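A.B. asks: Sequence and predicted structure below; questions after.
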Amino acid sequence: MRNLTMLMDYYELTMSNGYFVKGHKDKVVVFDMFYRRNPDNGGFVVAAGLEQLIDYIQDMHFTTEDIEYLRSKGQFSEEFLQYLADFKFTGTIDAVPEGTICYPNTPMVTVTAPVIEAQLIETMLLLTINFQSLIATKASRICRAAGDAGSVVMEFGARRAHGADAAILGARAAYIGGVGATATTIADEMFGVPATGTMAHSWIQFFDTEYEAFKTYAEVYPDNCTLLIDTYDILKSGAVNAIRVAKEVLEPMGKRLKGVRIDSGDLAYFSKKLRKMFDAEGMEDCKIVVSNSIDEFLIKSLQKQGAKIDSYGVGERMITSKSDPVFGGVYKLVAVKDDEGQFVPKIKISENVEKITNPGRKKLWRIFSKETGYGLADLLTFYDEEVDVSKPYPYVDPVKPWKKMRFENVDVKEMQVTIFKDGELVYKKPTLEEIRAYVSDQLTNQVWEEEQRYENPHTHYVDLSKKLYEAKAGMLEKEY
């Protein structure tokens, strides 16, 4: 395993050295990782990347070479360098489990730790959660669009990903989001994301004729034969030769042609023409697979045009989340533990209202309708507050604080779980299949269809307890 400890912004180290030199290394703080806006103006985010954060924390150590490099910079005290040489994370991390449906301004990860430890993990925490959550969310959008017509999505993005790690972890995140398979072999080897693939145009071009290329492939892979039919002419050559191979090679063996793929042209037009051709030959079970710059918007357009597509191979627009390629997760200090052991709330104030943080050590709760089981809102409280919904529970809508609001006839669930406790991993990591199933269950049973719309989705409310709201309001009135 690579040692990625030094994958951090340089100012994490300069701040940490400053804390150390000034005697603050044991001061415990609380940081929240959250985001402010859903990608693609969607209704929610699918949380992903927690497993890689866990791996990073567990393996975090500074090597002799790291220490020598930092010494060469001439900015760090020898005592601080020795501290790094003996470094081990000793803090507590709470987080929403991977696959959790999340909403803006709710903490996805909360770190309670000595300030240097909390500071040093910031970059990698944001990197892992931001990237994989972005791709899992984009994959969910694409898969939900395809699923409306019963189609399957495969991830084809490695060659357009922003580097090797993006290809591998992007395939993992896409599987969490709902894709059925990946073309990236190592993602199967490392994480169990089912790898799939057939041929490229080069296979067709290698042989003297298209028919010979198809025939050879069918002879080698008779049980799983899908043919790429757009190398020369989709209807006059590719489809004709595919039918011929199905009849002359596969059927005499008792096998069926699994499918054909097209990677160019008018996908709606050709898919409808192909469906008619194959059905006329008794090949109703032959699947039509398409690729070529697919995303949820194109899928919806193809469906409106009556396209006959069974499966989509989605590459660059999913692995890069091309339509909205930045997930704006941030990591903000929200509390500092004082000498009496109390967590003193801290707030960041900004000219931009959306950048004002929710102060204090908090808990995140989700409120569910007892009648439907669907999530009604999220609720933030201070860490020592309990939410008793056996009777009407008063809360504050921060957008409309003057309204008298109460939750009634609801169930409540605390959303974060403890991952590390005093530096020790206390969380059993779920399998990738379990994470994927968790996403599907929430979208089916807990998330309103109105929140899953692609255009103008319903806004999921994030409310504050009265105690938290009043504390925040008081801090906003304070002169700093």
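C.D. replies: Here it is on my side, so go on.
A.B. asks: Tell me where the stretch 101-250 of the chain has strands.
C.D. replies: 101-102, 109-114, 152-155, 181-182, 226-228 (DSSP state E, counting those that start in this stretch).
A.B. asks: Where does residue 277 fall, secondary structure wise?
C.D. replies: helix 267-280 (DSSP states H and E).
A.B. asks: quick one: contacts of that helix?
C.D. replies: Applying Cβ atoms under 8 Å, 6 or more residues apart in numbering, the external contacts of helix 267-280 come out as 234-235, 239, 243, 260, 262, 284, 286, 288, 290, 292, 301-302, 305-309. Using the backbone N, CA and C atoms, a C-beta is placed for each residue, glycine as well.
A.B. asks: picking that back up, which stretch among the strands of the stretch 101-250 of the chain comes nearest residue 52?
C.D. replies: strand 109-114 (12.3 Å; Cβ to Cβ).
A.B. asks: where does this structure dip in pLDDT?
C.D. replies: 1, 479 (pLDDT under 70).
A.B. asks: Tell me how it divides into domains.
C.D. replies: As assigned by automatic domain parsing, the chain contains the domains 10-135+325-477, 137-319.
A.B. asks: Quick check: which of the ones you listed is buried the most?
C.D. replies: Of those, the one with the most neighbours on average (mean count of other Cβ atoms under 10 Å) is domain 137-319, at a mean of 19.
A.B. asks: Give the full set of residues in contact with residue 436.
C.D. replies: By Cβ under 8 Å, 6+ apart, residue 436 lies in contact with 99, 175, 176, 178.
A.B. asks: before we move on, the earlier item: with just CA atoms, put the following helix or strand past the helix holding residue 277 into PDB.
C.D. replies: Going down the chain from helix 267-280, the next helix or strand is strand 287-291, by DSSP H and E. C-alpha atoms of strand 287-291 as PDB (Å, rounded to 0.1, in the frame of the first residue of the first chain):
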ATOM      1  CA  LYS A 287     -29.800  -6.800 -26.400                       C
ATOM      2  CA  ILE A 288     -28.900  -3.400 -27.900                       C
ATOM      3  CA  VAL A 289     -26.100  -1.600 -26.000                       C
ATOM      4  CA  VAL A 290     -25.100   2.000 -26.800                       C
ATOM      5  CA  SER A 291     -22.100   4.100 -25.700                       C
END
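A.B. asks: contacting residues around residue 412?
C.D. replies: When the contact criterion is Cβ under 8 Å, 6+ apart, the partners of residue 412 are 365, 366, 367, 368, 379, 387, 389.
A.B. asks: Between strand 287-291 and the helix holding residue 277, find me the angle.
C.D. replies: Interaxial angle of helix 267-280 relative to strand 287-291 (axes from the mean of the first three to the mean of the last three Cα atoms, to 10 degrees): 160 degrees.
A.B. asks: Pull the distance from helix 267-280 to the chain's centre.
C.D. replies: A distance of 35 Å separates the centroid of the chain from that of helix 267-280, by Cα atoms, centre = their mean, to the nearest Å.
A.B. asks: What of stretch 348-362?
C.D. replies: Distance, centroid of stretch 348-362 to centroid of chain: 24 Å (Cα atoms, centre = their mean).
A.B. asks: for the stretch 251-400 of the chain, what spans make up the strands?
C.D. replies: 259-262, 287-291, 311-314, 330-337, 343-345, 362-369, 375-382, 393-395.
A.B. asks: May I see those organised as CSV, with distance to residue 154 added?
C.D. replies: As requested, those are exported to CSV (distance: least, Cβ to Cβ, whole Å):
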stretch, distance to residue 154
strand 259-262, 10
strand 287-291, 8
strand 311-314, 5
strand 330-337, 33
strand 343-345, 47
strand 362-369, 32
strand 375-382, 30
strand 393-395, 43
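A.B. asks: how about those strands, which one is nearest residue 115?
C.D. replies: Among the strands of the stretch 251-400 of the chain, strand 330-337 comes nearest to residue 115, with 8.0 Å by Cβ to Cβ.
A.B. asks: Within the sheet, what are the partner strands of the closest one, with directions?
C.D. replies: Here strand 330-337 is paired, per DSSP bridges, with strand 28-34 (antiparallel), strand 343-345 (antiparallel).
A.B. asks: Identify the residue spatially nearest to residue 350, adjacent ones excluded.
C.D. replies: With Cβ to Cβ, 6 or more residues apart in numbering as the criterion, residue 350 has its nearest non-adjacent residue at 5.6 Å, and that residue is residue 356.
A.B. asks: pretty sure the one you found is touching residue 334, no?
C.D. replies: No: taking contacts as Cβ atoms under 8 Å, residue 356 lies outside contact range of residue 334: 11.9 Å.
A.B. asks: Next, show the common contact partners of the two.
C.D. replies: With Cβ under 8 Å, 6+ apart, residue 356 and residue 334 have common neighbours residue 347.
A.B. asks: if I read this right, residue 14 contacts residue 75, doesn't it?
C.D. replies: Yes: shown here, residue 14 and residue 75 form a contact pair, counting by Cβ under 8 Å, at 6.5 Å.
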